[in-house]
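1. Need coordinates for the following:
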Amino acid sequence: MRLAIHSLYSYPVKSCAGIAHQRARVTESGLDFDRHWVVVDAQGVFMTQRQHPRMVLIRPEPATDGLWLRAPGQADCFVPPPPEQAEAVPVAIWGTPTLGADLGDEAAAWLSAFIGAPCRLLRLHPRAHRLASLPHVTRWIQTHPDWPQSFLPVDRHAFAFADGFPFLVANRHSLEELNGQLAGQGVAPVDMIRFRPNIVLQGLEPYDEDHLAGFRTGGAGFAFVKACARCPIPNVDPLTGGTAAEPGRTLARHRQFEQGVLFGMNAVAALPDGEAWLQVGDEFEPEYDF
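-> Numbers count the residues shown, from 1 in each chain. Got it, this is the predicted structure:
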């Protein structure tokens, strides 16, 4: 099988449903609109499916003039952009500070009613400048001096409300291996969307990503700066919002490492023109790390 991009996903509101794309614009901050919105609780702490699995049933759709929110049993909600001079609201994502703009009481009431807890919706503030982990990016650059793409300066890899990095890359055949292990136990297969990747590659051997420094496609380079340690979110069924022990239990039996239970690679990008377009079916060139 040829090496190609299998699928592309963005997740406009952190921890809500994702959107599949045939073609997507990317910048060094990620796919367009990826995690540009975040839901926070009454204390201003970001909310996720870890505590509120129903969030996966909320279907966001960015529009040129705002954001649509849709969910079962509720009327659609249109959320306009914040005022041009919106106040910057501090919010931390896993201890890393950034800024959001509050999107008002209507969106807050709609989300609170569906999730079942008081919350507010924030959009990324224009003054926000949250960087990918400098130690991880710096270490990668230092250990890959021959990489043909320039990932310097280190502090250019800013992004929105994703957990730790602007891109998460996964391998389709790693999922097939996991689904084979699930089938051996009489467990139904799971879809890749549970792992919430942005870019899914095909044509690699299962878990070949463990041995890659990154990949190139067209003029874009992607550096695999940190393996992704998984939380319980893949155990949330994206169709129902229900939770179960799988696939996390099986994944833990086969993919437990010192860093945690690993699936997928966190990445940063180097784009010579500052942006690129990726398309399903685009070929890529892997860069092996040995």
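2. helix, strand or coil for the closest residue to Gly73 other than its chain neighbours?
-> With sequence-adjacent residues excluded and distances taken as CB to CB, 6 or more residues apart in numbering, Gly73 is closest to Phe114, at 7.9 Å. In short, each C-beta sits where N, CA and C put it, glycine included. Secondary structure, DSSP: H, G, I helix; E, B strand; the rest coil: Phe114 is helix.
3. likewise Leu178?
-> Looking at Leu178 with three-state DSSP, the answer is helix.
4. what does Ile193 give?
-> Three-state assignment for Ile193 (three-state DSSP): helix.
5. Contact partners for it?
-> Taking CB atoms under 8 Å, 6 or more residues apart in numbering, we find Ile193 in contact with Tyr9, Gly18, Ala20, Pro238.
6. Could you do Leu57 as well?
-> Ala17, Ala71, Pro72, Phe114, Thr240, Gly241.
7. from those, which two are the most distant?
-> Phe114 and Thr240 (14.5 Å; CB to CB).
8. And those two? Which one has more around it.
-> Taking other CB atoms under 10 Å, Phe114 and Thr240 do not tie; Phe114 has more neighbours (20 against 12).
9. Verify the contact between that one and Gln74 for me.
-> Yes: applying CB atoms under 8 Å, one finds Phe114 in contact with Gln74, separated by 5.7 Å.
10. Tell me where the model's unsure across the stretch 51-200 of the chain.
-> Residue ranges of the stretch 51-200 of the chain with pLDDT under 70: 148.
11. how about the strands of it, start to end?
-> Assigned strands in the stretch 51-200 of the chain, in chain order: 59-63, 66-71, 74-79, 89-93, 96-102, 119-124, 130-131, 158-159, 167-171, 199-202 (criterion: DSSP state E, counting those that start in this stretch).
12. Columns distance to Phe290 and mean neighbour count on top of those, output as JSON lines?
-> As requested, these are exported to JSON lines (distance: least, CB to CB, whole Å; neighbours: other CB atoms under 10 Å):
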{"stretch": "strand 59-63", "distance to Phe290": "40", "mean neighbour count": "17"}
{"stretch": "strand 66-71", "distance to Phe290": "44", "mean neighbour count": "19"}
{"stretch": "strand 74-79", "distance to Phe290": "48", "mean neighbour count": "15"}
{"stretch": "strand 89-93", "distance to Phe290": "33", "mean neighbour count": "16"}
{"stretch": "strand 96-102", "distance to Phe290": "32", "mean neighbour count": "19"}
{"stretch": "strand 119-124", "distance to Phe290": "38", "mean neighbour count": "25"}
{"stretch": "strand 130-131", "distance to Phe290": "29", "mean neighbour count": "19"}
{"stretch": "strand 158-159", "distance to Phe290": "29", "mean neighbour count": "20"}
{"stretch": "strand 167-171", "distance to Phe290": "17", "mean neighbour count": "24"}
{"stretch": "strand 199-202", "distance to Phe290": "18", "mean neighbour count": "23"}
